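Colleague: 3D, please:
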Amino acid sequence: MREVAAHQTSSCSTPSRGRPSKETVGSVATRSTAAEPSATARAGSVLIAAAARPLRAAARTVLHPWAAVAFFNAVMIAWHVPALFDLAETSELVHIWLMHGSFFIAGVAFWAQFIPSPPLRRPMPLIARLIALVATNLIMWVLAMAMSVFTQASWFSVYDHIQGVSLAPFTGQQIGAAILWVCGGLWAAPAISILIRRLLVRSELAAREAVQSE
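Modeller: Numbers count the residues shown, from 1 in each chain. Take a look at the predicted model:
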């Protein structure tokens, strides 16, 4: 009797072939529900990676040594073009986000070639860094002289009619050019002197090694 009762109980609790039990259906539904967020997360990661790919390519381009130097100088010259300068002074959006944003990005990309900035590399040799600094400083000098010495009129129309300012627009432009000239020397002179010293030390070490090898 006990064996018959046990057999009947087990036959009742065991699902028939071809019919999954409620527990099986529930576990499958739970697993499928749990798998949905992971699939959504994977799809989101793919979209983020696809959107970030152009940004990474642009960052690699801007951080290329000579591209960073060219970008820095191009930004400095471009925002002193009268039409762009007047646009930045009349539009807060352009002034804050485009002008100052480009100044920030160009400055970081430029100085990353000279100041150790891990994990960024500095593939530019010492002599190339020295040339880049001297060339950039010369461009700043030329820009400052163009605004003060090589012209006799104000470039920027937004400063022609400022209420409460008695200073002539051209005089203000000359003062700005002098600040650009002096500030360019303030950062360029120490950096150039450090690079020259490193080049001299390196050449001295190379000469010593050549003498010792003989």
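
Colleague: if you count contacts, what does the longest helix along the chain end up packed against?
Modeller: Secondary structure of the chain per DSSP state H: the longest helix is helix 169-213. In terms of contacts (3 or more CB pairs under 8 Å, 6 or more residues apart in numbering; DSSP states H and E), helix 169-213 is packed against helix 126-148. All C-beta spots, glycine's among them, are computed from the backbone N, C-alpha and C.

Colleague: pull out the buried residues from the helix it packs on.
Modeller: Using 16 or more other CB atoms under 10 Å as the test for burial, helix 126-148 gives 129-130, 132-133, 136-137, 139-141, 143-144, 147-148.

Colleague: ok, stretch 63-81 next?
Modeller: Across stretch 63-81, burial judged by 16+ other CB under 10 Å covers 63-65, 68-73, 75-76, 79-80.

Colleague: so which residue is dead centre in this structure?
Modeller: Centroid-nearest residue in the chain: Ile105, 5.1 Å away (criterion: CA atoms, centre = their mean).

Colleague: contacting residues around that one?
Modeller: By CB atoms under 8 Å, 6 or more residues apart in numbering, the residues touching Ile105 are Val62.

Colleague: the strand or helix carrying it versus helix 126-148: what angle between them?
Modeller: Assigned by DSSP states H and E, Ile105 belongs to helix 101-111. In terms of direction (axes from the mean of the first three to the mean of the last three CA atoms, to 10 degrees), helix 101-111 departs from helix 126-148 by 150 degrees.

Colleague: got the CA positions of helix 101-111 in CSV?
Modeller: Taking C-alpha atoms only, helix 101-111 is exported to CSV below (Å, rounded to 0.1, in the frame of the first residue of the first chain):
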residue,chain,number,x,y,z
GLY,A,101,35.8,76.8,-25.2
SER,A,102,38.2,76.8,-28.2
PHE,A,103,40.8,78.7,-26.2
PHE,A,104,40.6,76.1,-23.4
ILE,A,105,40.8,73.1,-25.7
ALA,A,106,43.6,74.6,-27.8
GLY,A,107,45.6,75.5,-24.7
VAL,A,108,45.3,72.1,-23.2
ALA,A,109,46.3,70.4,-26.4
PHE,A,110,49.2,72.7,-26.9
TRP,A,111,50.7,72.5,-23.5
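
Colleague: and it with helix 169-213, angle?
Modeller: In terms of direction (the same axes, to 10 degrees), helix 101-111 departs from helix 169-213 by 20 degrees.

Colleague: what's around Pro125, how many residues?
Modeller: Using other CB atoms under 10 Å, Pro125 has 11 neighbouring residues.

Colleague: about what we covered before: output the buried residues of stretch 63-81 in TSV, with pLDDT, distance to Thr171 and secondary structure appended to each entry.
Modeller: Shown next, in TSV, are the buried residues of stretch 63-81 (pLDDT from 0 to 100; distance: CB to CB, whole Å; DSSP: H, G, I helix; E, B strand; the rest coil):
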residue	pLDDT	distance to Thr171	secondary structure
Leu63	72	40	helix
His64	82	40	coil
Pro65	87	39	helix
Ala68	92	35	helix
Val69	94	33	helix
Ala70	95	33	helix
Phe71	95	32	helix
Phe72	96	28	helix
Asn73	96	27	helix
Val75	96	26	helix
Met76	94	22	helix
Trp79	95	21	coil
His80	94	17	coil
